[in-house]
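[1] task: produce atomic coordinates for the following.
(one chain, ligands or ions: 2)
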Amino acid sequence: MHMNYNSQLIEILGVTSSASKAEIKKAYHKAALSSHPDKVAEDERETAEIRFKTVSEAYEILYDDDKRHLYDTHGMAAFEASRGGPGADVDINDILQQMFGMGMGGMPGMGGMPGMGGMPEMGDPRGRKRKGRNEEQTYEVTLEELYKGKTTRFASTKNVVCGVCHGSGGKEKAKAMKCTICGGSGSVTGIRQVGPMLTQEVSQCNTCKGSGKIYKDKDKCKKCKGNRVVEQKKVLELYIPRGSREGERIVLAGEADQQPDQEPGDIIFELVEEPHEVFTRAGPDLSADIHITLAEALTGFNRVVLTHLDGRGIQINVKQPKGRILRSDQVLMVSGEGMPIKKTDDKGDLYLIVKVDFPEDGWIQNDAMIQKIRDALPPPETAMSADVVDEVEFDADATLDDFGAGSDDPRGGAAWEDDEEGAEGPQCATQ
Ligand SMILES: [Zn+2]
Ligand SMILES: [Zn+2]
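    Numbers count the residues shown, from 1 in each chain. Ligands and ions are numbered 1, 2, ... in the order given. From the prediction side, this is the model:
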């Protein structure tokens with residue numbers, strides 16, 4: 001059984017089962033080179049790519065003492081669970097989860113683990129590159145900006161691959177030495193004991209910054225001082241289409257920090273809509289309160305009731321006599337005056353919520369005025385009658401919060417609820 005497992009991988013690499021680590025590495029380099037997708041004809045590329053991954057995988061397992069031990073004791077089953085098929089990336093997290101009941105967590109900048117088939121040193125600069133990390137941030141926009149659309153420019157400082165050394169970190173013709181810390185692999189692996197568990201950690205080599213190579217000080221590129229990247233200021237443009245919504249993401253592709261042998265990630269802005277003083281938005285629709293006087297509610301009006309998000313006045317004409325009388329909380333729907341709908345000329349609807357402002361207390365000055373109002377308004381309904389009548393005192397500033405408060409009766413006032421919520425309803429009654 002032991003031999004069977006071994007012979008599988010050993011066949012792939014073309015070494016003997018007693019091959020030394022150096023021999024395994026040499027065989028891998030040879031096999032990898034001949035199978036590299038960039039070294040073969042177009043029509044063979046797919047096959048070559050699978051072969052390349054298989055070879056890389058075999059090497060990764062045979063070369064690494066811990067993985068080899070997993071392999072020798074469990075066979076490919078130790079690595080199979082998370083594989084989609086031959087050549088698919090293996091997630092060491094899954095293996096550790098199986099073997100030791102724990103993973104190692106995400107490694108910063110490593111995308112978990114380079115994978116059995118994707119060690120950093122194989123990131124051929126001409127081959128298919130791994131993608132760097134995305135930079136995500138929120139971006140606050142006003143409702144006005146979302147209504148009109150917005151283009152904004154900002155200066156961004158990012159790392160770009162050094163143009164002088166093209167990311168090698170060394171002077172032209174200078175010979176790089178293999179990084180002794182990571183042995184040229186660009187990543188360092190450590191087995192760490194956490195309690196009774198063994199965990200394996202892979203992280204980017206700090207000494208060579210993942211390249212596997214280092215230069216003597218005198219051979220380092222003058223521009224980047226061997227860092228392989230330099231800072232660059234760039235003016236970026238962020239375009240927010242009209243009608244955009246909260247939570248939408250605007251992607252500036254490839255504008256994140258560059259790393260040699262990596263495709264740069266994206267800068268991603270997630271829109272956050274600032275609350276608006278006047279308008280409330282729900283999808284493509286807007287709503288807003290409009291305040292009218294009691295006289296306007298009764299006699300009509302023709303005036304601007306609202307300034308829209310683009311500064312236009314919205315005029316409403318309510319005609320009297322014999323027209324509609326407006327009441328508080330009545331809703332007037334204005335078709336096509338909501339938010340723009342992306343990629344169209346359409347707009348949502350605008351819902352105007354009528355608020356009738358009653359006159360202040362004490363506004364009625366004398367009996368003559370009272371008589372005029374009474375004459376103008378409809379007469380009272382016929383009075384109720386009863387055998388016994390008590391005239392009572394009242395508190396005109398009461399609220400329903402006190403109704404049954406503290407009585408445990410669910411029908412009572414919600415004294416334990418939010419003050420704000422409870423205060424809203426009764427306030428209208430006292431106005
Ligand atoms: Zn440089
Ligand atoms: Zn290194």
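
[2] buried set for stretch 145-165?
    Buried residues in stretch 145-165, counting neighbours by 16 or more other CB atoms under 10 Å, are found at 145, 146, 147, 150, 158, 159, 160, 161, 162, 165. (Each C-beta comes from the backbone N, C-alpha and C, glycine too.)

[3] tell me the pLDDT at the first one?
    For residue 145, the pLDDT comes out at 96.

[4] go ahead and confirm it touches residue 238.
    No. Using CB atoms under 8 Å, residue 145 makes no contact with residue 238, being 11.0 Å away.

[5] quick revisit: the buried residues of stretch 145-165: which ones sit near ligand 2?
    Among those, no residue lies close to ligand 2 (CB under 5 Å from the ion).

[6] tell me which two in the residues you listed are the farthest apart.
    Using CB to CB, the pair of the buried residues of stretch 145-165 lying farthest apart is 147 and 165, separated by 48.6 Å.

[7] in its sheet, what does the helix or strand containing residue 233 sit against?
    Under the criterion of DSSP states H and E, residue 233 resides in strand 229-240. The strands that strand 229-240 pairs with in its sheet are strand 150-161 (antiparallel) (by DSSP bridges).

[8] show the subsequent helix or strand relative to the partner strand.
    Counting by DSSP H and E, what follows strand 150-161 is strand 177-178.

[9] adjacent strands (with direction) for that following strand?
    strand 213-214 (antiparallel).

[10] and the strand it pairs with, average pLDDT?
    86.

[11] which helix or strand contains the residue lying farthest from the centre of the chain?
    Distance from the C-alpha centroid of the chain peaks at residue 387, with 70.8 Å (CA atoms, centre = their mean). Taking DSSP H and E as the definition, one finds residue 387 inside no helix or strand.

[12] for it, give me the backbone phi and psi.
    Backbone torsions of residue 387, given as degrees, to the nearest 10, read phi -70, psi -40.

[13] distance-wise, check it relative to residue 380.
    Going from residue 387 to residue 380 by CB to CB, to the nearest Å gives 21 Å.

[14] repeat for residue 370
    Residue 370 sits 13 Å away from residue 380, going by CB to CB.

[15] give me the more crowded residue out of these two.
    When residue 370 and residue 380 are compared for neighbours, residue 370 comes out ahead with 11 against 7, by other CB atoms under 10 Å.

[16] helix or strand with the lowest mean pLDDT in the chain?
    helix 92-100 (a mean of 42; mean pLDDT, DSSP states H and E).

[17] residue ranges with poor pLDDT in this protein?
    Low-confidence segments of the chain, defined by pLDDT under 70, span residues 1-11, 35-51, 53, 70-71, 73-129, 413-431.

[18] helices along the stretch 201-350 of the chain, start to end?
    Remark: helices assigned in the stretch 201-350 of the chain by DSSP state H, counting those that start in this stretch are 294-299.

[19] residues of it that sit close to ligand 2?
    So far as CB under 5 Å from the ion goes, the stretch 201-350 of the chain lies against ligand 2 at 205, 207, 208.

[20] let's have those in CSV, adding neighbour count and distance to residue 263.
    CSV is the format used below for these (neighbours: other CB atoms under 10 Å; distance: CB to CB, whole Å):
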residue, neighbour count, distance to residue 263
205, 20, 21
207, 15, 24
208, 26, 20
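
[21] outline the domain layout of the protein.
    2-131, 279-376, 387-431 (automatic domain parsing).

[22] on that earlier part again, ok, is the strand holding residue 233 in contact with ligand 1 or not?
    No. Remark: strand 229-240 sits outside contact range of ligand 1, by CB under 5 Å from the ion, the gap being at least 6.8 Å.
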